[in-house]
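J.: My questions concern the predicted model and sequence given below.
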Amino acid sequence: MSEGTVSLPWIVIRQDDNGNRYRVGRYATRAEAQKIADSLDDRGHEQLYWVERIGQNGDGTQN
């Protein structure tokens, strides 16, 4: 990683009523991502929100 590159390995995922999944945002720390997921979840909608770490190849798995 170069000096000017920011690492955002944590993502918040949203799943709607129909099972469709969307990436809500990327975050530097798990705590930051979890705070966003919790605040969205507290709104009382039927969507599910959770946090995943992005692997080095850009998917939701850890390497």
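T.: Received it, and whenever you're ready, just let me know what you need.
J.: can we go C-alpha only for contacts and neighbour counts from here?
T.: Will do.
J.: which stretches of the chain form strands?
T.: 10-15, 21-27, 48-53 (DSSP state E).
J.: burial count for V24?
T.: Neighbour count for V24, taken as other C-alpha atoms under 10 Å: 16.
J.: The one 5 residues further on now?
T.: Neighbourhood size, T29 [other C-alpha under 10 Å]: 14.
J.: Tell me the spacing between it and V51.
T.: 10 Å (C-alpha to C-alpha, to the nearest Å).
J.: overlap in contacts of the two?
T.: Counting by C-alpha atoms under 8 Å, 6 or more residues apart in numbering, the contacts common to T29 and V51 are W10.
J.: re earlier: do you know which of the strands of the chain lies nearest Q34?
T.: strand 48-53 (6.2 Å; C-alpha to C-alpha).
J.: got the contact list for that closest one?
T.: 9-16, 30, 33-34, 37-38, 40-41, 60-62.
J.: what do you get if the cut-off is 10 Å, keeping everything else the same?
T.: If you take C-alpha atoms under 10 Å, 6 or more residues apart in numbering as the criterion, strand 48-53 is touched by 8-17, 19, 21-27, 29-41, 59-63.
J.: ok, the nearest residue to R14 once chain neighbours are set aside - how many residues close by?
T.: Leaving out its chain neighbours, the residue that sits closest to R14 by C-alpha to C-alpha, 6 or more residues apart in numbering is Y49, at 4.6 Å. Neighbourhood size, Y49 [other C-alpha under 10 Å]: 21.
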